[in-house]
Structures are given as structure tokens and as C-alpha cells.
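[1] Sequence isn't available, so here's the structure alone:
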Ligand SMILES: NC(=O)C1=CN([C@@H]2O[C@H](COP(=O)(O)OP(=O)(O)OC[C@H]3O[C@@H](n4cnc5c(N)ncnc54)[C@H](O)[C@@H]3O)[C@@H](O)[C@H]2O)C=CC1
Ligand SMILES: [Mg+2]
């Protein structure tokens, strides 16, 4: 009777499953891979792999385009054999997604192996992630950002902070466990608020000394413990430019792999037109100033390479479209255009 019931249950489950959308089935499959270690090990044998070397992703240049090759498990095995490395390397990989057809995708850092051998074997190069994000097509960038964040987290959480004993990762890489203390560690990220301050006709952009010459962006800051997003925005604006936010509006969010793993929460904030005098925090910022609509439109068109002037100074340019700051600036332009139309 139990067997009949189980068979019936399986049939109903599979029918229900078929009714779900591709997206729902994909998310459920990914979750299963994180929870079911043997299913995940099996998936590694049919999955594809993104390669990293000391957190730099492997890219190939084809013509003028940069591509991120995904290696099959067999190709991975071929590479590892070149180093007489055991297949246990695959165990170090982390799950970062899957195709609509449920082909899982992993990332693996081969930082301990000779980089030049892999580069000449696969005809490409390990490239700094910041550069990679700005030269790649949209779809690969978020996966590489996630992969680097996860690989970095594993690399820096090899030991339990309570017992000092080694921690073990699960095959999917969605957690690490210390068997001595029983503590489970999950990947972490830091919430960061990024705020485009405006006083209706102008918006405020800033520069930190570490930015490339000429680049201005919206104000940003890590959320403090105990704060909500609104409080973090008000505090950061007060701290960095000495202004008081009158009202704020959430725009969108973005995972950002720098400096380690941040959740960027983007907002528009209005400050009163009467009290718009900037008092800049010189410890963090090099410049903070108001930009009018025309200057913003010009800056959006400008490339970093075309911003240098004959006298050696730089005209302002803004972060590229992959950065959420770019989206905030474009939204402000649209809003201004709609208001003046
Ligand atoms: N995607 C985008 O469009 C943009 C992203 N960002 C990102 O936002 C991040 C934060 O912005 P900042 O203005 O630098 O922050 P911030 O204004 O909070 O200042 C950074 C300082 O905060 C402290 N801090 C507090 N919590 C921290 C944590 N969890 N991790 C590291 N440092 C912490 C450190 O002393 C650090 O030097 C930047 O590192 C940058 O990567 C910034 C602007 C644009
Ligand atoms: Mg800041």
C-alpha cells in the first residue's frame, strides 16, 4: 500500500512540477543542489565551469569581443591532468547557477596552479574582475561577480572563528561547517547605500582620491549595525557632505563584488534648496559638487579616455552602465526631462 501511495505521490509531484514555469523549476533545482550533497556531486560531472586564478576570471578575446568560456567537466579533467592534479580539485568548485535546461554551472579557482600553463592551453588570460565586468556583455557580468564573491568568501572562511578548527564546504559551496563546534557559516555580504542627492535642478556627485581621474559618482556608504536603509542614507549624506535629507525614494539594488561582497541599495534623496551648501568630509572625499542637467548629459556621453584636456586636467565622466550609480544618474536625467517637458 505504501509503495502505491509513494508512486502516486511521485506522479502527482511530477505533474505539479511540470505545471511550474521554467523559472520556478530552475530555482527549485538550484535549491535542491544546495541541500542535496550527492545530487550536487553528480551534477558536477555534467556541469560547466568558469575558471578563476587568484580571483581573476579567465577570458578569451575573439576579435574585439571578450568571452567567458565555460569548460565541461571533461575539459576540466584534461586541464587538471596536465598538472598531475587529482580530480578532487572539482570538489573546490562552487555552484553559481544553471541553464534553463538544468545544466549546472560552477566556478573554480586554480590559484595554486601555474597561470601561464592554463592561459596558453586555453588561449586566453586571467583578467582583473573590475576590468572584466566593464568589457563583457551584460549576462556574464553578474555571474562572474557572484562567482568571485563566493570564491573569496570560501578562501577567507577556512577556519572556524570559535574553535580555530578547519571548516568544510558543502559540494555546492553554499555553506561551511565546523564539525568541532557544529557552527554553520553562510556567505555574507555588506549592505551599502548609494544615494543620488538632488535639490531638484541639480544633483550632487563626489570623488574619492582612489577614483580614476575625472570620475564622479553618487554618495555611498556601508550601513551600520542597527540601522535601516533610510537611517543609513540620512547619516551618510550628513557625514560626507553635511546636508540634511528631506525625503528619499528607493530605486533599485545590485550585488557588487567590491570590496568583498556588497548589496548596493540605490536611492534618490532630496535636500532643501535653501540649505544646499556642501560641507565635505575631507577624510573620505576629494571633491563633492553640484552638477546641472547640461553637465550631466555631457558627462554621460564622455569616455574616460576622452576626458583628459590639453592642460592635463580631466572633464567629469560617470561610472559605466554596469554600475548602479549610472542607473541613478540616468533616472535623474529622465525625471528632470519629464518635469521640464
Ligand atoms: N556599484 C556602484 O555604482 C558603486 C559601488 N560603490 C561601492 O560601495 C562601497 C562602499 O562605499 P564607500 O563610500 O567606500 O563606503 P563608506 O563611506 O562607508 O566608507 C568606507 C569605510 O567604511 C568602513 N567600513 C564600514 N563597514 C565596512 C564594511 N563592511 N566593509 C568595508 N569597510 C567598511 C571602512 O573604514 C571603510 O574605509 C565601495 O567600496 C564601492 O565598491 C560605490 C559607489 C558606486
Ligand atoms: Mg562613502
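    Perfect, thanks for sending it. Fair warning: this is a prediction, and the values are worked out from it, not measured in the lab. Ligands and ions are numbered 1, 2, ... in the order given.

[2] Least confident secondary structure element in this protein?
    helix 2-19 (a mean of 62; mean pLDDT, DSSP states H and E).

[3] the strands in the stretch 51-200 of the chain, which residues?
    With DSSP state E, counting those that start in this stretch applied, the stretch 51-200 of the chain shows strands at 56-62, 65-67, 71-72, 94-98, 104-109, 125-126, 168-169, 176-177, 184-185, 190-198, listed in chain order.

[4] Which stretch among those strands is buried most, on average?
    Burial of these is given as mean neighbour count (mean count of other Cβ atoms under 10 Å); strand 104-109 ranks first at a mean of 24. C-beta here means a position set from N, CA and C on the backbone, and glycine is covered the same way.

[5] For the chain, what lies in contact range of ligand 2?
    Proximity of the chain to ligand 2 (Cβ under 5 Å from the ion) is limited to residues 220, 221.

[6] Tell me where the chain is predicted with low confidence.
    When residues are selected by pLDDT under 70, those of the chain lie in 1-19, 86-87.

[7] try 90 this time
    The chain contains residues with pLDDT under 90 at 1-20, 64, 76-91, 112, 134-140, 200, 272-276, 305-306, 322, 339-341.

[8] coming back round to it: how about the helix or strand just after the least confident helix or strand of the chain: buried residues?
    Downstream of helix 2-19, the first helix or strand assigned by DSSP states H and E is helix 22-35. Neighbour counts over helix 22-35 (16 or more other Cβ atoms under 10 Å) mark 26, 30, 33, 34 as buried.

[9] quick one: the third one from ligand 2, how far?
    Here residue 33 is placed at a distance of 37 Å from ligand 2 (Cβ to the ion, to the nearest Å).

[10] Next up, the contacts around the residue lying closest to that residue once chain neighbours are set aside.
    Nearest-residue entry for residue 33: residue 40, 4.7 Å, with adjacent residues in sequence omitted and distances by Cβ to Cβ, 6 or more residues apart in numbering. For residue 40, the contacting residues are 33, 34, 95, 104, 170, 171, 172, taking Cβ atoms under 8 Å, 6 or more residues apart in numbering as the criterion.

[11] what do you get for residue 215?
    Residue 215 makes contact with 207, 304, 316, 317, 318, 319, according to Cβ under 8 Å, 6+ apart.

[12] With residue 65 instead?
    In this structure, residue 65 makes contact with residue 137, judged by Cβ under 8 Å, 6+ apart.

[13] try residue 209
    Applying Cβ under 8 Å, 6+ apart as the definition, the contact partners of residue 209 turn out to be residue 286.

[14] That one is in what secondary structure piece?
    Using DSSP H and E, residue 209 sits in no helix or strand.

[15] Number of residues surrounding the nearest residue to residue 213 once chain neighbours are set aside?
    Leaving out its chain neighbours, the residue that sits closest to residue 213 by Cβ to Cβ, 6+ apart is residue 314, at 4.4 Å. Residues within reach of residue 314, counting by other Cβ atoms under 10 Å, total 14.

[16] returning to what we had before: looks to me like the residue nearest to residue 33 is in a helix.
    Yes. For residue 40, which was evaluated using DSSP: H, G, I helix; E, B strand; the rest coil, the result is membership in a helix.

[17] Show me the helices in this structure, by range?
    For the chain, applying DSSP state H gives helices covering 2-19, 22-35, 37-46, 73-82, 115-122, 129-135, 140-155, 229-241, 293-301, 324-340.

[18] tilt between the third one and strand 94-98?
    Calculated by axes from the mean of the first three to the mean of the last three Cα atoms, to 10 degrees, helix 37-46 forms an angle of 70 degrees with strand 94-98.

[19] Buried residues, helix 37-46. List them.
    For helix 37-46, the buried set under the neighbour-count rule, 16+ other Cβ under 10 Å, comprises 40, 43, 44.

[20] ok, so of those residues, who is nearest ligand 2?
    Proximity to ligand 2 was ranked across the buried residues of helix 37-46 by Cβ to the ion; first place goes to residue 40, at 38.7 Å.

[21] And that closest one, how close does it get to residue 175?
    Here residue 40 is placed at a distance of 12 Å from residue 175 (Cβ to Cβ, to the nearest Å).

[22] Could you do residue 67 as well?
    31 Å.

[23] for residue 275, same thing?
    48 Å.

[24] For these two, indicate the residue with more neighbours.
    With other Cβ under 10 Å as the criterion, residue 275 and residue 175 differ in neighbour count, and residue 175 comes out ahead with 15 against 11.
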